[in-house]
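A.B. asks: below are the sequence and a predicted model; questions follow.
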Amino acid sequence: MRRRFKPGWQHAKNWLNRNRLTAVETLIAAAAAVTAALLALILDSLLSPEWRSLLLVAGTALITLLLLVFWRSLIRDRPGTLFCIQLLDEAMRDARKPSREAAIARSVSVRSLTRWVDLDHHTTDGIIDLSQPCQDLGTRLESLVNTDRDDTGCTVAPNLLWPVALSVGAYLPATRDIRVLEMNPTDPTKNCDFSLPLGEFDITTSHEEPTDEKLTRTDVHDNIPDSATVAVHLAFTKQADSLELTHLLERPTRRVYKIHPRGSILAAAAKTDSLDGVQLRKISVEISDEIEIILRDNPGCEYAIYAMIPKSVALTLGWHLSQKMIRVFDRLHLMHFSKTAPDYYLPMRVRPNQPLHKPFDDRG
């Protein structure tokens, strides 16, 4: 007999998880109606012996109403609507599926944008072109966020290739409170999120942490002063040590920069993929600061960026660069790791105005 009713109960449970805000608002309306009716009865029965019991019931209903309103405020503020955005190669494994399911279970409502692409099909002459899928994904996400109800929280959970995340992040609006969720690839309990700053762009986070925990920009090599290409390595995950800079030093690069954690706490957390929300937000702000300095010190150059950064940081970095009005995609080569590439990296175009040539080509 129990097996007969289990599917129905599971269906009701799933509906409640997806519609918690609607359920709470319905209970609030019912409690308000009951409270109003009881207060009317009390006013009508003030001279009768039963008024004390009615007052007790009305008080209980009023307390219930206040608790429901408080519960609704918690649901409204966080986690609210979860926007799951994904763009991966068809040959890749979706390692963040358990973390995404855990995040969905905590959310009031979910909007999902999922894309699978064949990177080989989008590769021509050693350049991956995903500019059209990125534009479609970014404009769709922007529309969904802008039309989402204002009385709930808004959390974006990216599962994107890092160049795609950089492009899509620039589409996020700066007109409402948005949180970004980092989905842990191995342990859903380690999911963490952080908020984007509202209003005037605020970089005070860069100065709130101890000095030894700030980022370091290392000028690894000053090679050919008149070269048109600058290489930048963002090293913030446990895979960062796998990038061999030898082939970059042998290329006709003007400079090679490495941006990485300097403090022991940040470095240890990055190597174990255990950065928390505060650290992720801090890294996002400071990387944008460092990139701004590199652009200022190397005007007119093209930039080949090799990034080992969390997906939430890549998305937020795109947002920061957009808020700073840094228009540099026309000079960016975003390098994607590929086992089949001669140097294990291929440039990926995520905007139509990005270069159509490889970063180290001699174009005479």
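C.D. replies: Thanks, I have it.
A.B. asks: for Ile63, helix, strand, or coil?
C.D. replies: helix (DSSP: H, G, I helix; E, B strand; the rest coil).
A.B. asks: would you map the strands across the stretch 51-200 of the chain?
C.D. replies: With strands called from DSSP state E, counting those that start in this stretch, the stretch 51-200 of the chain shows them at 81-89, 109-117, 123-124, 127-129, 154-160, 179-182, 192-195.
A.B. asks: and the ones you listed as TSV, adding mean pLDDT, distance to Ser99 and mean neighbour count?
C.D. replies: Using the backbone N, CA and C atoms, a C-beta is placed for each residue, glycine as well. Output for those, formatted as TSV (pLDDT from 0 to 100; distance: least, CB to CB, whole Å; neighbours: other CB atoms under 10 Å):
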stretch	mean pLDDT	distance to Ser99	mean neighbour count
strand 81-89	95	11	21
strand 109-117	93	14	15
strand 123-124	94	29	14
strand 127-129	96	26	20
strand 154-160	95	8	25
strand 179-182	94	9	24
strand 192-195	92	10	18
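A.B. asks: which residue packs closest to Glu142, ignoring adjacent ones?
C.D. replies: Leaving aside its chain neighbours, Glu142 sits nearest to Tyr171 (4.4 Å; criterion: CB to CB, 6 or more residues apart in numbering).
A.B. asks: do I have it right that the one you found meets Thr139?
C.D. replies: Yes - counting by CB atoms under 8 Å, Thr139 is a contact partner of Tyr171 at 6.5 Å.
A.B. asks: hang on, the earlier thing: distance to Glu290 added to the strands of the stretch 51-200 of the chain, as TSV?
C.D. replies: As requested, the strands of the stretch 51-200 of the chain are exported to TSV (distance: least, CB to CB, whole Å):
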stretch	distance to Glu290
strand 81-89	26
strand 109-117	30
strand 123-124	30
strand 127-129	25
strand 154-160	21
strand 179-182	19
strand 192-195	19
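A.B. asks: how about the ones you listed, which one is nearest Thr229?
C.D. replies: Closest to Thr229 of the strands of the stretch 51-200 of the chain is strand 127-129 (CB to CB; 15.0 Å).
A.B. asks: residues making contact with that closest one?
C.D. replies: 119, 122-123, 336, 346-349, 356-358 (CB atoms under 8 Å, 6 or more residues apart in numbering).
A.B. asks: need the max-distance pair from the residues you listed.
C.D. replies: Longest span within those, CB to CB: Leu119 and His357, 18.9 Å.
A.B. asks: and the residue lying closest to Val156 once chain neighbours are set aside, what are its bridge partners?
C.D. replies: With CB to CB, 6+ apart as the criterion, Val156 has its nearest non-adjacent residue at 4.7 Å, and that residue is Phe83. Beta-bridge partners recorded for Phe83 (DSSP bridges): Arg111, Val156.
A.B. asks: Phe83 is in contact with Arg111, isn't it?
C.D. replies: Yes - counting by CB under 8 Å, Phe83 touches Arg111, with 5.0 Å between them.
A.B. asks: contacts only, for Leu334.
C.D. replies: Going by CB under 8 Å, 6+ apart, Leu334 touches 162-163, 166, 305, 307, 347-350, 354.
A.B. asks: highest neighbour count among these?
C.D. replies: Greatest neighbour count in those, by other CB atoms under 10 Å, goes to Val350: 31 neighbours.
A.B. asks: would you map out the domains in the chain?
C.D. replies: 2-77, 81-195, 204-349 (automatic domain parsing).
A.B. asks: the ones you listed: lowest mean pLDDT?
C.D. replies: In terms of average pLDDT, domain 2-77 trails the rest of these, at a mean of 58.
A.B. asks: returning to that earlier point: quick one: which of the strands of the stretch 51-200 of the chain is nearest Thr237?
C.D. replies: Among the strands of the stretch 51-200 of the chain, if distance is taken as CB to CB, the winner is strand 179-182, at 11.4 Å.
A.B. asks: residues contacting that closest one, please?
C.D. replies: Here strand 179-182 has contacts from 78-79, 82, 103, 153-158, 191-196, 275, 277, 280, 310-313, 315-316, using CB under 8 Å, 6+ apart.
A.B. asks: direction included, what does that strand pair up with?
C.D. replies: strand 154-160 (parallel), strand 192-195 (antiparallel).
A.B. asks: format these as JSON lines; extra columns: distance to Arg255.
C.D. replies: As requested, the strands paired with strand 179-182 are exported to JSON lines (distance: least, CB to CB, whole Å):
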{"stretch": "strand 154-160", "distance to Arg255": "28"}
{"stretch": "strand 192-195", "distance to Arg255": "31"}
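A.B. asks: wait, which of those strands is closest to Val328?
C.D. replies: strand 154-160 (19.5 Å).
A.B. asks: name the residues that touch that closest one?
C.D. replies: Here strand 154-160 has contacts from 78-88, 94, 96, 100, 103, 107, 141, 145, 148, 165, 168-169, 172, 176-181, 183, 193, 311-312, 314-315, using CB under 8 Å, 6+ apart.
A.B. asks: got the angle for that strand vs strand 81-89?
C.D. replies: 10 degrees (axes from the mean of the first three to the mean of the last three CA atoms, to 10 degrees).
A.B. asks: report the angle between strand 154-160 and strand 109-117.
C.D. replies: Using the same axes, to 10 degrees: strand 154-160 against strand 109-117 is 20 degrees.
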